[in-house]
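Asker: need coordinates for the following:
(chains A, B and C, ligands or ions: 2)
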Amino acid sequence: MSEQRKTLIGKRVPRLDAHAKVTGTARYTGDLSLPGMLYGVMVRSPVAHAHIKHIDVSKARAFPGVKCIITGNDVPAIRYGNWRLVPELQDETVLAHDCVRFIGDEVAAVAAIDEATARKAAELIDVEYEPLPAVFNVDDAMAEGAPTLHSHRENNLSLERKIDYGDLEKAFAEADYIREDTFTTHAVSHAYMEPCVALAQADADGRITLWTSTQTPYYVQCLLAQTMELRENDVRVIKPHVGGGFGGKMELRPWEFCAAWMARETGQPVKFTLTRAEEFASGRRRHPVKITSKIGFKKDGSITGKEVIAHLDGGAYNGMGPTATFLIGNFGAMLYRVPAYRYRGNYIYTNNPPAGAMRGFGAPQALFAGETQMNLAADALGIDPIELRLKNAMVEGDKIPGVATIGSCGFIECLEKVRELSNWDERQADARPGEGLGIACYSFISGGVFNWFNTQYTFSAAEVRVFDDGTAQLSTLAADIGQGSDLILVQILAEELGLEVSDIRLVTGDTATCPQSDLGTWGSRVTLMAGNAVRDAAHKVKEQLFDMVSLKLNLNVIHEIECGNGHIYPKSKPAHGLPFGDVVAMVQRSNRGKPLKATGYYTPRDCGLVSPAFSFGAQVADTSVDLETGMVQVNKMFTVHDCGTELNPMAVEGQLEGSIQMSLGYALSEELLMEEGKTLNTSFLDYKVPVAEDMPPSVSETIETYEETGPFGAKEAGEGLACPTAPAIADAVRKATGLCCKDLPITSDKIRSYLSGD
Amino acid sequence: MSLPEFNFHSPSHTDELFRLLQEFGPSARVMSGGTDLLIALDGGRVHYKHLISLKEIAVLNGLDYDSSTGLTISANTVLADVAAFAPALEHYACLVDSIEELATVQVRHKASVVGNICNASPAADTATPLMALGARAVIIGPGLKREISVEELITGPGKTCLAEYEIVQRIIVPPPGEHQRSLFLKHSPRSRVDIAATSACISLCIQDGVFAEVSIFLGSVAPRPMRAKQAEAVLKGKQPDPDLLQRAAATAGEECSPISDLRASEEHKRHMVGVLIFRGLEQLAVQT
Amino acid sequence: MNTHVIELIVNGDLREVAVRPNLTLLQLLRDHLRLTGTKHGCGTGDCGACTVLLDGRPVNSCLTLAVEARNRTITTIEGISTSGTTLHPVQQAFVEKGAVQCGYCTPGMIMSSVHLLRTNPDPTESEIRHAIGGNICRCTGYTKIIEAIETAARAKKGSGQ
Ligand code: FES
Ligand code: FES
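Answerer: Ligands and ions are numbered 1, 2, ... in the order given. Coordinates of the predicted model:
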């Protein structure tokens, strides 16, 4: 073997499932059907807050074709939620007991021979509601004498998260310039293209198999077992291809439970498919937040201290809210060195549909506030906003006391590069009405380290088997929901073993066959955590392979051994290698036939409260505003980000480009319009996600750093980018029009009425 | 989508069509592309026991142009065909523009122009250009045939002056006058591909330096596409100058009667009407 | 409801099916003919995931009644490549250019693109954006989809197809 060792790191390898997806053969949950399958529909509350007096299902039950109906009275009243570590935060039951708390709250479920029958029967279920007073925003919810949603939480304050370090009083006293601003952000939908679907089957022993559109099969397994009072091992969750999640599919959902329960009850498979209107009307959404931020600076621009107070409108239940509440605090003081910081995060119950995790997980809200405020402060201080950021920028090794230590960090380089790319300095000098260049930055996590789910397993696991034909199998529960993590994990394994991507078979998405466990897809954790587990497994396998090569080649112990190009060889003598498969065969023979395999694990330990690694980036929006109509046109986006090593640039670009779409919508066009707890826009006709013609051209560059904690130096890419777009556009709009928009979204209506002085 | 139950009929002659319409009365509805109708049925906003497709009726097909009659659009002619029809592009640019901005490629290949008009949505994008261009609808029924202007056809939101047993056989858009200029404008506050919050079509002709003929129609700012008569009056017989155009635009903003909805506030729509009309007039004045 | 027995050609095969009037073409394809490549994203004509070609025209199969397809020709994502093993140039370009992420919009997006290139073999970037305006993608930001369509157009030109 004489050619150079081939590497897969940094290669534009196409996705593993692309062929299946372009031919329509990739199977999503909705594409599956089983013999004798019944169709389920949810019955939802039409009122925002009420006591359930009585439910009469007799007419529905008598309807021909109906096979099963359940209400809260028929199933255990077990409270569940992802925050198993703090049981009192588990505040939801799969079907309402006594009380409904939002429009869309699940009250009952019907399974019938077809969907039309199930829908008709659902309409025949008579629920008698005794209306209760309701609250629809955080101020009303916290007011004296406000109706309470959950009896154990007075004032509807579900929880409070605090972060404190440094002497804030002193910091503000020493500041030359202090400003305080209040920002509000709105509810938006994940709008993943595949609506939620779940299909369940029960075997004769009552064991459940559930196929579901989820990003966290393991959570679903545990929580389904808990709510059905089954043993965890009696529940098997299978994740087929998933049509996007973005945080919206990371909890146990009532229809998953109902499918399983009714399948056991009837002995027939049951499938639930949500309508798009249900998704918009009662699906999880990004938390609307009110953020008051106070920040002090010295004359030279250095930050002395910062205080952030956030009130999250959580809707009727906690969901992933406790995590978002903490992360808003965390991202309130990221990016810059803040010597003294106080954060108070309040998670408030209201009778709106519950919010949940969504791309960025609190960071988009925190950074809309923080970055907009930085831009305002820069103007007031007379310092260029990029200069002000450079002055305060975090660098590698910075510590946030008790919270995190910053590992690799290319933030300064990102700022400098985006300044150059966007022609920032020249454009600042040449300001014109109706045009503006705005900037904002972000930092994001590579997975969370806090065990709120209280898992008894490692955070990630991967099993690697190698075969004497020179191939391997990777088995992991890490969940690809479209982001392409399957390919990245296979790429990592192929790189480790010196094989081709096509030499590796992937087994994934099944709690019964994949190693325990993996926490799933959220918080950009998969590449780093599952990637490390894959490497761990690979190293264990390689150890045995290397021992064998050492023996066979009679190597001096000082030789390094390496895998590459389908061979295993001493690093210094690449030509003297043995074919990979031959070595596997030898190891196997020496073990008298036992297959060669190993399981690798990863759990982040002792790395603070947030994440093992942080990515950074800066974005500039070149924007024009039509001063008569208020229409905002983003002409171009400039993005520079530090995602550690780019394992697959094509995948990284895809994440970045996709995040601009979602964030452009967040900034300008997307908003769940609410009236008394009712979501008014429940179709893509009225909920405007950007289409191809809405998208600005964009240029991007990557600052490569090497993240020690990540596989081959990689860390998060693409989720954090959900953050800077809205504040960058807001900054550009301010420069173009004078309007400083502190409440999202930035609509033409708001701009126009500002300009016409209304 | 889970549609309610209905019977489907697909007559191949108008005689059979009229027999069915008379037999079923208000429980029947004709459809060509059906794109609006199926959504309304699914949402429970309308109820029909019978859907009668026009697609198999040959005399309801066809798209023609000749310089004396103008453009003939039949009941089954889909939006995309009109947009791709060379004479339409040449002589009725505002109509083609309104189609290109309407819904999506997929809908434009299924939905008919006549259906877009007969559903009488205040936001029906083809309505304002057809009205501004003076289009007429040929209406047929059992043993009858009459012709009215498209403007008269639409009487309110979702309402037309068609009797239960009548259909629009075709729409005829007269040939444009020698100096006639027209354009379509639309403002959707949230996205390029969107239902209009406000739209307008202006057709005019400037002769001897003054506005000789002007017709201005506004969409989505009244229960039905409306004619901005007062704005037209401001312009007629006058020389185009910025002040005049501004006054006409302001008048149009005042005379319309929009309501606040999910798409935009009343205030914003009024303002937008003014902006659209000013820009449209300015552009047309320069062209001539 | 009057059930109709209809004949139609789906991906080149003549099919005879009995359909109720309120069955959509999307339901016919997915639930009855088990052609599940065509996706359901909204059911109201707004997302384009269900796009198929009806007599060569792109339509939302969720807004089309199955009975309307009587004696007509339907092409779905399963039917656009000429042989079982090779990909259509548009499919090939989607794979190579990374235009696929979750893949849920992909079949509809490809059907719209195939139609575009049939009617306009050399589209400009803005024509491409306009032509896929009825197809929502939540993952890719459309950039790589547009690149893929441009690549497919070049490939088709190159091969004289
Ligand atoms: S499913 Fe037909 S357009 Fe969305
Ligand atoms: S790839 Fe996921 S919606 Fe387009």
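
Asker: contacts, neighbours, all on C-alpha from now
Answerer: Fine.

Asker: what's the closest non-adjacent residue to A:Ala48?
Answerer: For A:Ala48, ignoring the flanking residues on the chain, the nearest one in space by Cα to Cα, 6 or more residues apart in numbering or on different chains is A:Phe102 at 4.1 Å.

Asker: count of residues packed around that neighbour?
Answerer: Counted by other Cα atoms under 10 Å in any protein chain shown, the residues lying close to A:Phe102 total 29.

Asker: name all residues that make contact with residue 67.
Answerer: As the question left the chain open, I've gone with chain A. Applying Cα atoms under 8 Å, 6 or more residues apart in numbering or on different chains to A:Lys67 gives the contacts A:61, A:110-113, A:266.

Asker: sorry, I should have been clearer: chain C.
Answerer: C:4, C:6, C:19-21, C:23, C:25.

Asker: I'd say the residue nearest to A:Ala48 and A:Tyr349 touch.
Answerer: No - the criterion here is Cα atoms under 8 Å, and A:Phe102 misses it with A:Tyr349 at 10.6 Å.

Asker: joint contacts of the two?
Answerer: Common neighbours of A:Phe102 and A:Tyr349, using Cα under 8 Å, 6+ apart, are A:315-316.

Asker: check contacts around C:Thr106.
Answerer: A:21-22, C:49, C:100.

Asker: contacting residues for A:Ile412?
Answerer: So A:Ile412 contacts A:390, A:393-395 (Cα under 8 Å, 6+ apart).

Asker: those residues: which ones sit near chain B?
Answerer: With Cα under 8 Å from any Cα of the partner chain as the criterion, the subset of those in contact with chain B is empty.

Asker: which residue does chain A bring closest to chain C?
Answerer: A:Gly482 (3.4 Å; Cα to the nearest Cα).

Asker: how deep is that residue tucked in, by neighbour count?
Answerer: Each residue near A:Gly482 was counted by other Cα under 10 Å, and the total is 23.

Asker: again, but for the one 3 residues further on
Answerer: The local packing count at A:Ser485 equals 21, with neighbours defined by other Cα under 10 Å.

Asker: now do B:Ser27
Answerer: Using other Cα under 10 Å, the number of residues around B:Ser27 comes to 14.

Asker: any idea how far C:Phe94 is from it?
Answerer: 47 Å (Cα to Cα, to the nearest Å).

Asker: returning to that earlier point: among the contacts of A:Lys67, name the buried ones.
Answerer: Neighbour counting by 16 or more other Cα atoms under 10 Å in any protein chain shown classes A:61, A:110-113 among those as buried.

Asker: re the thing from before, which phi and psi does the residue of chain A closest to chain C have?
Answerer: The phi and psi values for A:Gly482, taken as degrees, to the nearest 10, are phi 130, psi -20.

Asker: now it. Nearest residue, chain neighbours left out?
Answerer: Spatial nearest neighbour of A:Gly482, excluding adjacent residues (Cα to Cα, 6+ apart): C:Cys102 at 3.4 Å.

Asker: next: B:Glu56.
Answerer: Nearest non-adjacent residue to B:Glu56 (Cα to Cα, 6+ apart): B:Ser12, at 4.9 Å.

Asker: beta partners for the closest residue to A:Glu160 other than its chain neighbours?
Answerer: Spatial nearest neighbour of A:Glu160, excluding adjacent residues (Cα to Cα, 6+ apart): A:Asn346 at 4.7 Å. Beta-bridge partners of A:Asn346, counted by DSSP bridges, are A:Glu160, A:His311.

Asker: wait, A:Asn346 sits on A:Asn155?
Answerer: No - at 11.1 Å, A:Asn346 does not count as touching A:Asn155 under the criterion of Cα under 8 Å.

Asker: tally of neighbours for residue 132?
Answerer: Defaulting to chain A. A:Leu132 is flanked by 17 other residues according to other Cα under 10 Å.

Asker: actually chain C
Answerer: By the criterion of other Cα under 10 Å, C:Ile132 has 27 neighbours.
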